[in-house]
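Student: Here's a sequence, model it:
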Amino acid sequence: MQDDYFSPKLKAQMDTIGAMLESPEALENIRRAGDMITSCLRDGGRLLLCGNGGSAADCQHIAAEFTGRFLRERRGLAAESLTANTSSLTAIGNDYGFDRIFSRQVEALGTKGDVLMGLSTSGMSENIVLALESARECGMGTIGLTGGSGATKLEAVSDCLIAVPSTETPRIQEAHILVAHLLCQYVDDALFGDQ
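Tutor: The predicted structure is shown next:
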């Protein structure tokens, strides 16, 4: 392997984050998402999350940051990954089809004032789109995390869309975790900053 094998890959991620940093729209959408989550949790609501593959694992990671802790000691915050219950996923998938694995859970668990965050690197995952549609029908707020320009099916069903300016799945997923950590810290500071 060449000596500089990793440098171009690290630079690609730095360029992606740099493009977000230079985008007033991206920064504003992250802030808007943070305000949505803060308001939801302050009012006793819940953050639900859904995604496929690596994004499914990211949903569990994000939920754990809220229910456990991020940087400060504070009470646990209500967040749940819809990717974690294998019995629900397989039963719903078997009975209703893969496209409904998240929307059916949203119908069962979501209430007005909650927020659903859907992660889809392509923005075209039908099960994520349907989940966000179900969330809107329940009176929930919807946040989409995607890649590229954001001009996808996810955009139409997201009250707030955060699009990572890349078409490479690994770069998008890496940036999604960074965005999630920014949101966790923003919410922590908003709810517990005076402690």
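Student: Could you pull out the buried residues of stretch 125-142?
Tutor: Within stretch 125-142, the residues that count as buried by 16 or more other Cβ atoms under 10 Å are 125, 127-136, 138, 140-142. Quick note: C-beta positions are derived from backbone N, CA and C, even for glycine.
Student: where does this protein have low pLDDT?
Tutor: Within the chain, the segments meeting pLDDT under 70 span 1-2, 195.
Student: Do a quick rundown of the strands in it.
Tutor: For the chain, applying DSSP state E gives strands covering 47-51, 79-81, 115-119, 141-147, 160-164.
Student: Switch these over to JSON lines; also include distance to Pro8.
Tutor: Converted to JSON lines, the strands of the chain look like this (distance: least, Cβ to Cβ, whole Å):
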{"stretch": "strand 47-51", "distance to Pro8": "27"}
{"stretch": "strand 79-81", "distance to Pro8": "33"}
{"stretch": "strand 115-119", "distance to Pro8": "26"}
{"stretch": "strand 141-147", "distance to Pro8": "19"}
{"stretch": "strand 160-164", "distance to Pro8": "18"}
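Student: of all the ones you listed, which lies closest to Glu65?
Tutor: With Cβ to Cβ as the measure, strand 79-81 is the member of those nearest Glu65 (7.9 Å).
Student: Now for the closest residue to Ala12 other than its chain neighbours, how many residues are close by?
Tutor: Leaving aside its sequence neighbours, Ala12 sits nearest to Arg171 (Cβ to Cβ, 6 or more residues apart in numbering; 6.0 Å). Residues contacting Arg171 under the criterion other Cβ atoms under 10 Å number 20.
Student: quick one, what contacts Arg171?
Tutor: Neighbouring residues of Arg171 by Cβ atoms under 8 Å, 6 or more residues apart in numbering: Ala12, Gln13, Thr16, Gly147, Val164.
Student: from what I can see the third one touches Leu178, true?
Tutor: Looking back up the chat, that one is Thr16. No - the criterion here is Cβ atoms under 8 Å, and Thr16 misses it with Leu178 at 9.5 Å.
Student: Which one's more surrounded, the two?
Tutor: Counted by other Cβ under 10 Å, Thr16 and Leu178 do not tie: Thr16 has more neighbours, with 20 against 16.
Student: how about that one, what does it touch?
Tutor: Val164, Pro165, Ser166, Arg171, Glu174, Ala175.
Student: Distance check, the fourth one against Cys138.
Tutor: Spelled out, it's Arg171. 33 Å (Cβ to Cβ, to the nearest Å).
Student: And the fifth one, by the same measure?
Tutor: Using Cβ to Cβ, one gets 31 Å for the distance from Glu174 to Cys138.
Student: swap in the third one?
Tutor: Per Cβ to Cβ, Ser166 is found 32 Å from Cys138.
Student: and what of the second one?
Tutor: According to Cβ to Cβ, Pro165 stands 31 Å off from Cys138.
Student: hang on, the earlier thing: out of the buried residues of stretch 125-142, which comes closest to Ile92?
Tutor: Asn127 (10.0 Å).
Student: So which of the contacts of Arg171 is the closest to Leu77?
Tutor: Nearest to Leu77 among these is Val164, at 24.3 Å by Cβ to Cβ.
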